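**Q** Next one to model:
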Amino acid sequence: MARLASPARHFGPCSGVTMRWLNRVVAQARARIEGRHRLQRAISNSFWLFSEQFLKMAAGLLVGVWTARYLGPERYGWLNYAIAIVGMVATGTELGVNRVVVRELVTNPQQTAQIMGTALSLRGIGAFAGLLICAAVAAWRAHLQDPTPALIVVVSVGLVLQLGNVTDLLLQSMREPRVSAWIRMISILLTNSLRVALIFLHAAILYFAAATAAEHGLNSLGWWWVRRQRGWRYRAWRGERDQMLSLLRESWPLAVSGLAVYAQAYADQIVIGSILGGSELGQYAAAIRIVSVFSFIPMVIQTVAAVEITRSKVEGPLKYRRRLHNLYRLMMALFLVVAVPLSILGPWLTRLLYGRAYAGASPLLPWLALRLFFTNFGVARGIYITNENLFKFALITAIAGGVTNIALNLVLVPSWGARGAIAASLISFFITTFGLEPFEPRARQNLWLMLQAIFLPWRRLPQEG
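**A** Down below sits the predicted model:
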């Protein structure tokens, strides 16, 4: 790994105190990294994953805003509706096998061909089942006077085009996320360039749906190139029925949990589109896009903090609690730093980015900013869930939140419109993150740490006791 350069070369004249402090920081960082190959690999892998996520968020915001302005609220709303429908189907038909497959590849490398063949078979079955479900949804909406049936069919083609993504599971097991990150980043750049070209060509909305599906095809093309370079052949990957059943027995809780989480995140858009129409959904989706940009930050913090917090659990319960509490304090501070300016400047920012056509999105943004509170604590809470092996409890909370979100959306959206969807989401997120914690003995201590960080964020936990 490249050595960290001294900052003295780059910052020019500055105070001696500042320079000594900077040099000390660099020296400490160098001492912690050099000679620790696993740490170096972890930092490198994290860098590529963060780069990919940052590029995805930045391109999604810039080109997404441009696309929204070109399509207008109604067409933009219907496009988001189709993407949400297909995404819901895809989450269910992926069967939750990805994590289990990666684990099996790591623990049983001698069975790589068999495991990959089984994974590819399951993904293929799920993809074609998803196509049928999407076709049924499109047929059900065919009598309506909107473009959603065609949009759903076009976007759902991506379910088949993403079959090549199974190669990514093999690269994950080999600890080579850089390769996959490069493939996805190139795909993001090409796809967003295609969207920009479609705007200049004044293309119809169906072409933007095709661009969404094309991104999956570009990813698969990249993984096809990797397979060819490394001599991996699909023909050598043979699935087995017994292993398929074994993977499904292990992965079904993950599939249900993933579907519940997706429903909690996107049920509002589906219900708004179904009940209020594309124009109202376009306003809502425009506001959501601005808020979603900031969800990247807690994920980065969680990834960086997870290792240190997990290690502190071995060093002692007090240190473990203090580090968890400090993470929650940081998440609370991050929420305030982002949400307060977003609430104040959000309406002005929405008009600046989207124009007058999206005036309806402006009053939604301050309320949607509250979602960041639950995003921050939900992401940080995941570390405690993992360390304490509370996966069954997490599954229950995810299902409870997803069901609550769908039910409340159906009740509140007809009367309150988009604000009803926001209220439904906030209530369901509260149930998932905080509401059921008192009923699980091992989660109560973590709930107390989160509450202390929320109501007394300036206080640290005492050193003893």
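**Q** buried set for the one helix or strand residue 322 maps to?
**A** Element membership for residue 322, per DSSP states H and E: helix 317-354. Residues of helix 317-354 classed as buried by neighbour count (16 or more other C-beta atoms under 10 Å): 319-332, 334-335, 338-339, 342, 346-347, 350, 353-354. Every residue, glycine included, has its C-beta placed from N, CA and C.
**Q** Could you check the angle the lengthiest helix in the chain makes with helix 317-354?
**A** Counting residues, the longest helix found in the chain (DSSP state H) is helix 37-93. Taking axes from the mean of the first three to the mean of the last three C-alpha atoms, to 10 degrees, one finds helix 37-93 and helix 317-354 inclined to each other by 60 degrees.
**Q** and helix 37-93, how far out from the chain's middle?
**A** Chain-centre distance of helix 37-93: 8 Å, with C-alpha atoms, centre = their mean, to the nearest Å.
**Q** show me where pLDDT drops low in the stretch 351-465 of the chain?
**A** 463-465 (pLDDT under 70).
**Q** 90 instead?
**A** Per-residue confidence for the stretch 351-465 of the chain (pLDDT under 90) gives these ranges: 351, 382-383, 385-392, 394-395, 456-465.
**Q** Can you show me the helices along it?
**A** Using DSSP state H, counting those that start in this stretch, the helices found in the stretch 351-465 of the chain span residues 365-368, 371-387, 391-416, 418-430, 441-455.
**Q** closest one to residue 229 among those?
**A** Comparing these by their distance to residue 229 (C-beta to C-beta), the top pick is helix 371-387, with 34.5 Å.
**Q** How about the closest one, which residues are buried there?
**A** Neighbour-count burial for helix 371-387 flags 371-381, 383-385, 387 (criterion: 16+ other C-beta under 10 Å).
**Q** Then stretch 421-436?
**A** For stretch 421-436, a neighbour-count test (16+ other C-beta under 10 Å) marks 421-429, 431-436 as buried.
**Q** residues near residue 403, how many?
**A** Residue 403: 16 surrounding residues under other C-beta atoms under 10 Å.
**Q** Name the nearest residue to it, sequence neighbours excluded.
**A** Closest residue to residue 403 apart from its sequence neighbours, by C-beta to C-beta, 6 or more residues apart in numbering: residue 260 at 7.6 Å.
**Q** same for the strand or helix carrying the one you found, what does it pack against?
**A** Residue 260 belongs to helix 241-275 when assigned by DSSP H and E. Packing partners of helix 241-275 (3 or more C-beta pairs under 8 Å, 6 or more residues apart in numbering; DSSP states H and E): helix 37-93, helix 98-107, helix 112-140, helix 278-293, helix 391-416, helix 418-430.
**Q** With distance to residue 158 added, can I get those in CSV?
**A** Formatted as CSV, the helices and strands packed on helix 241-275 follow (distance: least, C-beta to C-beta, whole Å):
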stretch, distance to residue 158
helix 37-93, 7
helix 98-107, 17
helix 112-140, 9
helix 278-293, 19
helix 391-416, 23
helix 418-430, 26
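**Q** Deepest in the core, which of these is it.
**A** Highest mean neighbour count among those (mean count of other C-beta atoms under 10 Å): helix 278-293, with a mean of 24.
**Q** quick one: that helix to helix 37-93, angle?
**A** Going by the same axes, to 10 degrees, helix 278-293 makes 160 degrees with helix 37-93.
**Q** per-domain residue ranges of this protein.
**A** Per automatic domain parsing, the structural domains of the chain span 35-239, 266-465.
**Q** need those domains in TSV with distance to residue 255, can you?
**A** Below are those laid out as TSV (distance: least, C-beta to C-beta, whole Å):
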stretch	distance to residue 255
domain 35-239	3
domain 266-465	10
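**Q** Check the separation of the first and last residues in stretch 143-151.
**A** Stretch 143-151 stretches 14 Å from its first residue to its last (C-alpha to C-alpha, to the nearest Å).
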